[in-house]
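>>> A predicted structure for the sequence below; I have some questions about it.
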Amino acid sequence: DRARTTTTTIVMSATLQSAVALARKYLPPNGVTFSYGTAGFRCDASLLPSVVVRMGMLAAIRGRCVSETGNVRAVGVMITASHNKVSDNGLKMVDYTGGMLAQEWERYLVNMANCAKMNLESTLMAIIQTANANMAIQPVVFVGRDTRPSSPELHDLLVRGVVAMGGVVKDFGVVCTPQLHFMVGSHNRGQPATLEHYYDTLANAFSDLVSDVVVGNDQGDEAKEDEAKQLVPTVVDCADGVGAVSLRELRKHKNVAKYIKIDLRNTGEGDDAVLNHLVGAEHVQKKRQLPRNVDAAKDAGIKFASLDGDADRIVFYFVDKEGGLHLMDGDKIVSLVTGLIKELIKKAQIDESAISVGVVQTAYANGASTAYIAENLGVKIECARTGVKYVHHKAEEFDVGAYFEANGHGTVLFSAKAVAAFEKAAASGATEEARRAGAQLVSLNKLINPFIGDAVSDLLLVEAALARKGWTMNDWDTLYADLPSLTDKTAVKDRTLVKTTNAERTCTAPAGLQAAIDELVAQVPQGRAFVRPSGTEDVVRVYSEASTQEAADKLNADVAELVRKFVNNSQ
């Protein structure tokens, strides 16, 4: 122990000197305070060099926090700003679980990002000691980036930070955020951490789920599809982002190409290509508008999906003959998928009282979806704060926990108990139908990315669910009628003055704002509204529902005016 302590001290001293020397070359911009939230760090790309260097160092420290059994576990860092405009960029850290970074580590990241030059060494030392990092270990950090012009330079700085802190980098290059999560989680579970394994896992599970309901093209060749034997083709708006890279690979896989044709638009190519500009899931879901390069007249009746910039969100839609947009957002996705899972559990003859099934929603969930899931599906609903780390954590409380935020980000989590029940039913169910249903549940568990919301995985999940239920897009659309709603935002002098509770459904500050909102809502048939400070922009988000779109729009505008009045007049 004494020899190890001496060695560790020597290694730490040399490593710290190297890290501090590098960090002193990249100092935070004057007047800027960085914060790390659900979205990670996110701001104008020009402000981030000091952050990515320092976060590379912290990733190498996090990678030295070994498990209770002494196993060294990889962590990951993704350079992306998701659905933000192209001039922005950001950074998200992937924990050794394959999920979001442990919340207690967020303060370390914030402290380090904002650390003054003179305090770099003492801050790093404090983090190392508090986190009980074993500096004698050489950590492994998985790194990925999106397609933004600023990403290569920030990626290089990140790598320098990892290496300066004595870490080893495994570079995946241009990947979707969910893919990096999958790599980290798979590696730490003893599975291959390769893109080939990712695509094989999804495609093979998809094939298992649809092969008994779709004939498919035996050629397995995307250039020779026989559409009469396949699912209805899907056109995907890739938001001019990294999702196009992933889907080009996925659609070539024989177990995908055999069953469905996937066409791509807004792939980042062409003179009009601008990441997240008038394209993507955020644009379609929030604005209720078609993306660029989709024509209401020419594209009527086509099945569309839109990803966001880093492919962790997806929404579906079609345009009717009259040019009306029919949107299937995260609420409709979770209703479809949870309904299928409930059906399969029943067919598999699994004791439903022994397997808890639940859906986690946020305040943004449409009231009609909440009623449908609770009343028609008989599934328990929990409400959590907006943000992956909150809904994901809540979903873990169920054996089968599904969450899809209205923006299309979501996944389904299966406990070990649930998976064991599925496998038992598949192997020894009392009837052939029970065994088939059990096998389908096992395949669902493989198809769904368990670490984070994954638009690529969720695309295949929805296609499989529609195929198994024999539904058209219109069938899905009419599952229930959404209450007319509007999600908008309003600029204020300081968004942090807005405080909320009750899973963000109740505003506690500024004083009097909630009472004023309640007074407005009471005057609107089927009215509902709430406000919350944005975690990614200096704005306050406003959501409204009502019996008509006109009433929802007016309620939203009136509430936004209240927000500006109360916040801008606060001391």
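It's in. Numbers count the residues shown, from 1 in each chain.
>>> where does the chain have low pLDDT?
1-12, 67-70, 218-229, 571 (pLDDT under 70).
>>> Contact partners for Pro450?
Going by CB atoms under 8 Å, 6 or more residues apart in numbering, Pro450 touches Gly98, Gly185, Thr411, Leu413, Phe414. C-beta coordinates here come from the backbone N, C-alpha and C atoms, glycine included.
>>> so who does Pro28 touch?
By CB under 8 Å, 6+ apart, Pro28 lies in contact with Phe34, Ser50, Val51, Ala113, Asn114, Cys115.
>>> what about the fourth one, how many neighbours?
By that I understand Ala113. 22 (other CB atoms under 10 Å).
>>> I'd like the distance between it and Ser18.
Distance, Ala113 to Ser18, by CB to CB, to the nearest Å: 19 Å.
>>> Equivalent analysis for the last one, please.
Cys115 sits 17 Å away from Ser18 when distances are taken as CB to CB.
>>> and these two? which has more neighbours close in?
Cys115 (20 against 15).
>>> wait, the more buried one sits on Thr123?
Yes - taking contacts as CB atoms under 8 Å, Cys115 lies within contact range of Thr123: 4.7 Å.
>>> What's the PyMOL syntax to select whichever of the contacts of Pro450 are buried?
Restricted to buried positions by 16 or more other CB atoms under 10 Å, the PyMOL selection for the contacts of Pro450 reads:
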select buried, resi 98+185+411+413+414
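>>> Spit out the contact partners of the closest residue to Ile452 other than its chain neighbours.
Once flanking residues are discounted, Ile452 sits nearest to His181: 4.4 Å by CB to CB, 6 or more residues apart in numbering. By CB under 8 Å, 6+ apart, the contact set of His181 is Gly76, Val94, Gly98, Gly99, Asn449, Phe451, Ile452, Asp454.
>>> What is the nearest of those to Ala529?
Ile452 (29.8 Å; CB to CB).
>>> what's that closest one sitting at in phi/psi?
phi -170, psi 160 (degrees, to the nearest 10).
>>> same check, this time on Ala39
Per degrees, to the nearest 10, the backbone of Ala39 is at phi -90, psi 0.
>>> Likewise for the one 4 residues further on?
The phi and psi values for Cys43, taken as degrees, to the nearest 10, are phi -170, psi -170.
>>> Might one say that it is in contact with Leu91?
No - with contacts counted by CB under 8 Å, Cys43 stays clear of Leu91, the gap being 10.1 Å.
>>> Tell me which of these two has more neighbours.
Taking neighbours as other CB under 10 Å, Cys43 and Leu91 compare with Leu91 leading, 27 against 20.
>>> From the chain's centre, how far out is the helix or strand hosting the more buried one? Work that out for me.
Using DSSP states H and E, Leu91 sits within strand 88-94. Computed by CA atoms, centre = their mean, to the nearest Å, the chain-centroid distance of strand 88-94 equals 13 Å.
>>> C-alpha coordinates for it, PDB please?
What follows is strand 88-94, C-alpha atoms only, in PDB (Å, rounded to 0.1, in the frame of the first residue of the first chain):
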ATOM      1  CA  ASP A  88     -23.500  26.800 -31.300                       C
ATOM      2  CA  ASN A  89     -21.800  23.800 -29.900                       C
ATOM      3  CA  GLY A  90     -21.600  21.900 -26.700                       C
ATOM      4  CA  LEU A  91     -20.400  18.900 -24.700                       C
ATOM      5  CA  LYS A  92     -22.100  16.000 -23.000                       C
ATOM      6  CA  MET A  93     -20.400  13.500 -20.700                       C
ATOM      7  CA  VAL A  94     -21.500   9.900 -20.800                       C
END
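>>> For the helix or strand following it, buried residues please.
Next helix or strand after strand 88-94 toward the C-terminus (DSSP H and E): helix 103-113. Residues of helix 103-113 classed as buried by neighbour count (16+ other CB under 10 Å): Trp105, Glu106, Tyr108, Leu109, Val110, Asn111, Met112, Ala113.
>>> next one: stretch 497-511
Those would be Leu497, Val498, Thr500, Ala503, Glu504, Arg505, Cys507, Ala509, Pro510, for stretch 497-511 by 16+ other CB under 10 Å.
>>> of those, closest to Glu352?
For these, with Glu352 as the reference and CB to CB as the criterion, the closest is Ala503, at 26.7 Å.
>>> So that closest one belongs to a strand, correct?
No - going by DSSP: H, G, I helix; E, B strand; the rest coil, the assignment for Ala503 is coil, not a strand.
>>> Is the nearest residue to Lys469 once chain neighbours are set aside in a helix, a strand, or coil?
Of all residues not flanking Lys469 in the chain, Leu340 sits nearest, at 6.3 Å (CB to CB, 6+ apart). Secondary structure, three-state DSSP: Leu340 is helix.
>>> Could you count how many residues lie near Leu340?
For Leu340, using other CB under 10 Å, the count is 22.
>>> Next one: it from Lys286, what distance?
For Leu340, the distance to Lys286 - CB to CB - is 27 Å.
>>> which SSE is the nearest residue to Gln103 once chain neighbours are set aside in?
Distances taken as CB to CB, 6+ apart place Lys389 nearest to Gln103, at 6.6 Å, with adjacent residues excluded. Lys389 is part of helix 388-395, with elements assigned from DSSP H and E.
>>> which stretches of the stretch 451-571 of the chain form strands?
With DSSP state E, counting those that start in this stretch applied, the stretch 451-571 of the chain shows strands at 485-491, 499-501, 506-509, 528-533, 539-545, listed in chain order.
>>> Would you convert the ones you listed into CSV that also reports distance to Asp171?
CSV is the format used below for the strands of the stretch 451-571 of the chain (distance: least, CB to CB, whole Å):
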stretch, distance to Asp171
strand 485-491, 36
strand 499-501, 40
strand 506-509, 44
strand 528-533, 36
strand 539-545, 35
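>>> can you give me the helices in the stretch 201-350 of the chain?
243-250, 254-257, 280-287, 330-347 (DSSP state H, counting those that start in this stretch).
>>> wait, which of these is closest to Glu519?
helix 280-287 (26.3 Å).
>>> which outside residues touch that closest one?
By CB under 8 Å, 6+ apart, the residues outside helix 280-287 that reach it are 83, 237, 239-241, 266, 276, 289-291, 306-309, 313-315, 317, 327, 329-330, 406-408, 455, 487-488.
>>> Swap in 7 Å and give it another go.
83, 237, 239, 276, 289, 291, 306-309, 313-315, 317, 327, 329, 406-408, 487 (CB atoms under 7 Å, 6 or more residues apart in numbering).
>>> Mind giving me the packing neighbours of the helix holding Lys389?
Applying 3 or more CB pairs under 7 Å, 6 or more residues apart in numbering; DSSP states H and E, we find helix 388-395 packed against strand 357-361, strand 400-404.
>>> repeat that for 8 Å
Here helix 388-395 touches strand 357-361, strand 400-404, strand 410-414, going by 3 or more CB pairs under 8 Å, 6 or more residues apart in numbering; DSSP states H and E.
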